[in-house]
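Trainee: Can you look at this prediction? I've put the sequence above it.
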Amino acid sequence: MKINKSNLSRKAVVISKTLIGSVAGISLMTSTVLAAEFNLKFQSSDNAGNANYVLMQDWANSIDKLTDGVVSVEMLPAGSIVKHTETLESVGSGILDGHITATGYFSGKDPAFGLLGNTVGAWGDPAQMMDFINNGGGRELYEELLAPYGVQFLGATATGLEAFVSKVPLNGVADLKGLKLRAPEGLVQAVFAAAGATPVNLPGSEVYTSLDKGLIDAADYTVFSTNQQQGLHKIAKHPVYPGFHSMPLIEVSMTQKTWQKIPAATQKIILSSVKDFSNNIMTTLKNNDIKAVAVANAAGDITIHDWSKEERNKFRSIAQGQWQIFSQKSPNAKKVYNVLSKYLSDKGML
């Protein structure tokens, strides 16, 4: 039998081209699949190891599985890419894909962020704050405030009513006079200044060393259990618990352009996961506080100060005066003040 080498060569070329075309097609399909995935970097305003941050990491790690690999989230601690006060613009521009942060850090950009993010003296329980966000107009305020920055609001949570760290006994408003304390910029500082204290703007990462070196006498930092975990009570043995002042709102937000590219079904999954995260952090930290207080009381090496109702009302009265002053600082702040005041009034909380 005579073999036609010329025909074999032509067939080999055809087969080779077909294989190359198939491989190219598979590569193109693979690229398309990869291009449809969203690998997001979120930055926290908390340090690595902080109880809040651990719970944020847990949420981030759950996203890949919940969305069947469509979205993955890498959670980074405070300062990893930008300063904690710079994440708003960084998320809007895409330097970061998202953040989980205390909204009050952006008071310098618009006083409305301070009034909405930490309405000092307004809340007695995280459930009250979350009801305002979900049912009292808070979500709509957030969406309106963040939109000009190109940021999409996903949801919010709270760490709980913060304890207060102090190296000196504090039993009421009069003891705040002249007290040098750490407090975030904006409304929180304004309220403490109005109460006679001397607020200092420091990141959370510098609270321990500043207390230890005597640069400050007290700190508005976070919940009792986290203060205890980070050793603050070793050098500041007069905490106030339950706190009388601050319950910051923690927002979960991401780049608006990226959010709009995520399939609608996946968006629903993410929004649901943020609600679960919100409930988890509030419940976990409350339980942690109860345990930490019991341990501290048993050890007997610190003195926990619990303010009377009269002293708490004095502080709230000072705070309400500052809410009104802040409401005059921008049109957005006025809008936040009006919506918030109506909610509190309707609930009989003013």
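Mentor: Done, it's in.
Trainee: C-terminal to the helix or strand hosting Lys286, what's the next element?
Mentor: Remark: Lys286 resides in helix 264-299, with elements defined by DSSP states H and E. Following helix 264-299 in sequence order, the next helix or strand is helix 309-327 (DSSP H and E).
Trainee: Can you identify the element that follows that following helix toward the C-terminus?
Mentor: Assigned by DSSP H and E, the successor of helix 309-327 is helix 331-346.
Trainee: Does Asn39 touch Thr67 like I think?
Mentor: No - under the criterion of CB atoms under 8 Å, Asn39 is not in contact with Thr67, lying 11.6 Å apart. Where you see a C-beta, it was placed from the backbone N, CA and C, and this is true even at glycine.
Trainee: of those two, who's got more company?
Mentor: Set Asn39 next to Thr67 and count neighbours by other CB atoms under 10 Å: Thr67 wins out with 21 against 11.
Trainee: if I pick that one, what's in contact with it?
Mentor: When contacts are counted by CB atoms under 8 Å, 6 or more residues apart in numbering, Thr67 touches Thr266, Ile269, Ile270.
Trainee: Tell me the spacing between it and Val223.
Mentor: From Thr67 over to Val223 the distance is 30 Å, taken as CB to CB, to the nearest Å.
Trainee: now do Ala294
Mentor: Taken as CB to CB, the span from Ala294 to Val223 is 15 Å.
Trainee: sorry, back to before: if you count contacts, what does the helix holding Lys286 end up packed against?
Mentor: helix 51-66, helix 126-135, strand 151-158, helix 224-229, strand 249-255 (3 or more CB pairs under 8 Å, 6 or more residues apart in numbering; DSSP states H and E).
Trainee: Could you list the buried residues of that helix?
Mentor: When burial is assessed from 16 or more other CB atoms under 10 Å, helix 264-299 yields the following buried residues: 266-267, 269-270, 273-275, 277-278, 281-282, 284-286, 288-289, 292-293, 296.
Trainee: ok, now stretch 46-62?
Mentor: Asp46, Asn47, Asn50, Ala51, Asn52, Tyr53, Leu55, Met56, Gln57, Trp59, Ala60.
Trainee: do the same with stretch 212-224
Mentor: Ile216, Asp217, Ala218, Ala219, Asp220, Tyr221, Thr222, Val223, Phe224.
Trainee: Tell me which two of those sit farthest apart.
Mentor: Spatial extent of the buried residues of stretch 212-224 (CB to CB) is set by the pair Asp217 and Val223 at 20.0 Å.
Trainee: coming back round to it: max pairwise distance over the buried residues of stretch 46-62: which two?
Mentor: Asn47 and Trp59 (16.8 Å).
Trainee: which secondary structure elements does whichever strand or helix holds Leu211 contact?
Mentor: Following DSSP H and E, one finds Leu211 within helix 207-212. Here helix 207-212 touches strand 218-219, helix 232-235, going by 3+ CB pairs under 8 Å, 6+ apart.
Trainee: I'd like to know which of these lies nearest to Ser253.
Mentor: Nearest of those (CB to CB): strand 218-219, 26.2 Å.
Trainee: ok, that closest one: who's next to it in the sheet?
Mentor: Strand partners for strand 218-219, identified by DSSP bridges, are recorded as strand 165-166 (antiparallel), strand 180-182 (parallel).
Trainee: got a list of what Thr101 touches?
Mentor: Thr101 neighbours (CB under 8 Å, 6+ apart): Gln43, Ser44, Ser45, His84, Thr87, Ile250, Glu251.
Trainee: go again using 10 Å as the cut-off
Mentor: Residues near Thr101 by CB atoms under 10 Å, 6 or more residues apart in numbering: 42-46, 78, 84-85, 87-88, 91, 117, 248-253.
Trainee: Could you measure from it over to Gln43?
Mentor: 8 Å.
Trainee: Quick check: neighbours shared by the two?
Mentor: By CB under 10 Å, 6+ apart, the residues touching both Thr101 and Gln43 are Ala78, His84, Thr87, Val91.
Trainee: between those residues, which has the most around it?
Mentor: That'd be Val91 among the shared contacts of Thr101 and Gln43, by other CB under 10 Å, with 28 neighbours.
Trainee: Now do the same for the strand or helix carrying that residue: mean pLDDT, whole number.
Mentor: If you go by DSSP H and E, Val91 is part of helix 87-93. For helix 87-93, the mean per-residue pLDDT is 98.
Trainee: Then stretch 319-327?
Mentor: Stretch 319-327 comes out at a mean pLDDT of 93.
Trainee: What count of nearby residues applies to the nearest residue to Tyr142 once chain neighbours are set aside?
Mentor: Nearest residue to Tyr142 in three dimensions, chain neighbours excluded: Phe153, at 4.2 Å (CB to CB, 6 or more residues apart in numbering). Here the number of neighbours of Phe153 (other CB under 10 Å) works out to 24.
Trainee: beta partners of Phe153?
Mentor: Going by DSSP bridges, Phe153 forms beta bridges with Ser253.
Trainee: For Asn50, give me the pLDDT.
Mentor: Asn50 is given a pLDDT of 85.
Trainee: Which residues lie in contact with it in this structure?
Mentor: Applying CB under 10 Å, 6+ apart, the residues near Asn50 are Ser44, Met56, Pro77, Ala78, Gly204, Ser205, Thr222, Thr226, Gln229, Gln230.
Trainee: Separate out the buried members of those residues.
Mentor: Counted by 16+ other CB under 10 Å, the contacts of Asn50 give Ser44, Met56, Pro77, Ala78, Gly204, Thr222, Thr226, Gln229, Gln230 as buried.
Trainee: which one among those residues gets closest to Thr159?
Mentor: The closest of these, once distances to Thr159 are taken by CB to CB, is Thr222, at 5.9 Å.
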